[in-house]
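> Test case, fold it:
(chains A, B, C and D)
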Protein chains: 2
Amino acid sequence: MDNETITIYDVAREAGVSMATVSRVVNGNQNVKETTRRKVLDVIERLDYRPNAVARGLASKKTTTVGVVIPDIANSYFASLARGIDDIATMYKYNIVIANSDGDDNKEINVVNTLLAKQVDGLVFLGHDLSDKIRAEFSRTRTPIVLAGAVDHENQIPSVNIDYNKATKEATLVLGKHSQKIALISGPMVNAINGKERLVGYQAALKELNQTFSEGLVFETNYSFNDGVKLAERVKISGATAAIVSDDEVAVGLLNGLVDRGVKIPEEFEIITANDSVITEFTRPTLSSIEQPLYDLGAVSMRLLTKMMHKEEVSEKSIILPHGIVMRGSTK
Amino acid sequence: MDNETITIYDVAREAGVSMATVSRVVNGNQNVKETTRRKVLDVIERLDYRPNAVARGLASKKTTTVGVVIPDIANSYFASLARGIDDIATMYKYNIVIANSDGDDNKEINVVNTLLAKQVDGLVFLGHDLSDKIRAEFSRTRTPIVLAGAVDHENQIPSVNIDYNKATKEATLVLGKHSQKIALISGPMVNAINGKERLVGYQAALKELNQTFSEGLVFETNYSFNDGVKLAERVKISGATAAIVSDDEVAVGLLNGLVDRGVKIPEEFEIITANDSVITEFTRPTLSSIEQPLYDLGAVSMRLLTKMMHKEEVSEKSIILPHGIVMRGSTK
DNA sequence: TTGTAGGCGTTATCAT
DNA sequence: ATGATAACGCCTACAA
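Next up is the predicted model:
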């Protein structure tokens, strides 16, 4: 009663050739006479035949699909990376299956496993420092994996990053020109996005500034606008007069929270945020930021992954993209 | 030389049972003696066996994967919907393959086809009024499809929306209290997100306000922050003293562009935007908005899709979620 | 409760 | 240039 799924056999029969031939024209194999090619193409059109990618995947052991593990697709930073990834993936005829990990170690392992079960040809892993468990998981699969905006401290897995340590240090030094008390607003410390690098850079800068490191100036958040807003009061009380923030949404919240409390920015309080996503221009004053090529981080990592999937030689496994500091309204 | 891919046969041999039995325990079939189940589970663990989802998909004709066609994942409005979709999908054990369409008719058709070729169990289509071509494509597939934040004027395809017409009318009426010239900032007119509904609602409100509709007060954009910024000058020149905007990023740009030009908001110019995404709170003043349950739009549509995929009866095919108007800083 | 065997829709290897 | 015919890894009646 329903339209049966039509297969390569149907096309073959209808066109009076073997399925092998149909397969050849579908796959652009040159060894087909032009006339039969036409004939087959016609039938394909007429029958509205659409090759079954699953069967194809089973037979060829390639799915033309890559998995993307992402902490939160609704976060503009990750969304930008995702966009870069998808564009390049599309360019190379890959599709993307996205799985939110919420930055949770266990969920990460979970989604990585289901992604691998789905036989993705490759994996892009976003956002977190690698936990030992996940690294173990990665090490026993042949599936190519690339980290984007995430560092592997063992330096085993190919990755695309900026130098978070250096960038954070530079940003902190900028704030140090006018501030004696600089706060560090990070993600959840146990598992922050490049948290260690950032902390190290921050501390190195403090040392150079002859400022003492104080736990009381380090604040943890869960990467959300509201976290930033809520933090404003605590930060104000801490006596800090500047902050380096690890996530743009948090920074926007903090800035607005501070402004709403009558704090003058940048006169009384300076902020530099970390990701230079579009939202840094949404506020007044606008947010100064570590400048990083978000889209490119995604795009380059996907490009790297395609090379690995195609078994091309990759000279550089740990790609560091250039960064900078954009001075906008939240710094003097 | 490498770790061979290990299959259900390996497990069967190693456990001294048939592959059917292994399949049973993997799929949680109850007809397995507890002791053999244990035995099999042990071997699975020991061999680190991971069922091949592709083979499974071919044999069972189910991929536990749903396709999501999205205009731009980097847009916070769509990203919110996507998050809702993914959460519910995960809850029901589905994965999501995302494809950006850029709101382009041809790309849409393209990605829909590759998604269908991949045998997704269902499809969520975001963002646009349906073109005839895409509707034709949809009508000749058995794959369940749900529209989220997109209306089908033929009312054939299940969808989850708010009443854009009514919401736009209400918002326009609010602006009409203080303004004689209300601009409508839409997406690309040919293919705007629910563009027709919004235009109709806008015009209905004008009529009720005894204001005349003028082409000069309708502005098209491409849904980006920068479009909004650029538009500020033109809108100002047009003499409008209020605007209803179809996209939050555009609204943010417009607001900032206006503020930067010395326009006082809301005193001299009022704005109501359309999507109530987080970024409406990023600006100062904050943006008043049509209020809509973004996450729920995604979540509900995915829930509806699961029902369809499981062949459950669905009573209501066109779900309208409630909306409201949030008055924030950009209105008097 | 467990095993056997026939698909699922392609690709890919050999022949012809 | 074209056609048989095995895989590919699993599910699922059907038997036992």
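
> And the pLDDT at A:Val111?
For A:Val111, the pLDDT comes out at 95.

> Checking my notes, it in a strand, right?
No. Applying DSSP: H, G, I helix; E, B strand; the rest coil, one finds A:Val111 to be helix, outside a strand.

> wouldn't it be in contact with A:Ser101 here?
Yes. The pair A:Val111 / A:Ser101 is scored as a contact, 5.8 Å apart, by Cβ atoms under 8 Å. (Glycine included, C-beta is placed from N, CA and C.)

> The residue of the stretch 151-300 of chain A at minimum distance from chain B: neighbouring residues, count only.
Nearest to chain B in the stretch 151-300 of chain A, going by Cβ to the nearest Cβ, is A:Phe282, at a distance of 4.3 Å. A:Phe282 has 26 neighbouring residues, counting by other Cβ atoms under 10 Å in any protein chain shown.

> Please apply the same query to the one 10 residues further on.
As a burial measure, the neighbour count of A:Gln292 was computed by other Cβ under 10 Å and equals 24.

> What of A:Glu34?
When neighbours are defined as other Cβ under 10 Å, A:Glu34 has 7 of them.

> How about the backbone phi and psi for it?
phi -60, psi -40 (degrees, to the nearest 10).

> What score does it have for pLDDT?
As predicted, A:Glu34 sits at a pLDDT of 92.

> Any figure for the gap between it and A:Val25?
Here the distance between A:Glu34 and A:Val25 works out to 10 Å (Cβ to Cβ, to the nearest Å).

> surely the residue of the stretch 151-300 of chain A closest to chain B meets B:Val252?
Yes. Between A:Phe282 and B:Val252 there is a contact under Cβ under 8 Å: 5.1 Å.

> where do the contact lists of those two overlap?
Counting by Cβ atoms under 8 Å, 6 or more residues apart in numbering or on different chains, the shared contacts of A:Phe282 and B:Val252 are B:225, B:279, B:282-283.

> which residues make contact with the helix or strand harbouring A:Val174 from outside it?
For A:Val174, the host element (DSSP states H and E) is helix A:164-176. Residues outside helix A:164-176 that contact it (Cβ under 8 Å, 6+ apart): A:151, A:182, A:194, A:197-198, A:200-202, A:204-206, A:208-209, A:211, A:242-244, A:270, A:272, A:274, A:290, A:292, A:323, A:325, A:327, A:331.

> Within reach of DNA strand D, which of the shared contacts of A:Phe282 and B:Val252 are there?
Counting by Cβ under 7 Å from any atom of the strand, nothing from these sits close to DNA strand D.

> any idea which helix or strand of chain A has the worst average confidence?
Least confident element among the helices and strands of chain A, by mean pLDDT, DSSP states H and E: helix A:132-139 (a mean of 89).

> Just give the number of residues close to A:Tyr92.
By other Cβ under 10 Å, 15 other residues sit near A:Tyr92.

> you'd agree it is up against A:Met308?
No. Using Cβ under 8 Å, A:Tyr92 is not in contact with A:Met308; the gap is 11.9 Å.

> what comes into contact with stretch A:50-60?
Contacts for stretch A:50-60 (Cβ under 8 Å, 6+ apart): A:5, A:7-8, A:26, A:62-64, A:119, B:52, B:54-55, B:57-58, B:63, B:113-114, B:116-119.

> give me the subset of those touching DNA strand D.
Applying Cβ under 7 Å from any atom of the strand to these, one finds that B:52, B:55, B:58 fall near DNA strand D.

> which intervals of the stretch 201-332 of chain A have sub-threshold pLDDT?
Nowhere does the stretch 201-332 of chain A drop to pLDDT under 70.

> buried ones in stretch A:32-43?
Residues of stretch A:32-43 classed as buried: A:32, A:36-37, A:39-40, A:43 (neighbour count, 16 or more other Cβ atoms under 10 Å in any protein chain shown).

> Generate JSON lines for those residues, with secondary structure as supplementary columns.
Converted to JSON lines, the buried residues of stretch A:32-43 look like this (three-state DSSP):
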{"residue": "A:Val32", "secondary structure": "coil"}
{"residue": "A:Thr36", "secondary structure": "helix"}
{"residue": "A:Arg37", "secondary structure": "helix"}
{"residue": "A:Lys39", "secondary structure": "helix"}
{"residue": "A:Val40", "secondary structure": "helix"}
{"residue": "A:Val43", "secondary structure": "helix"}
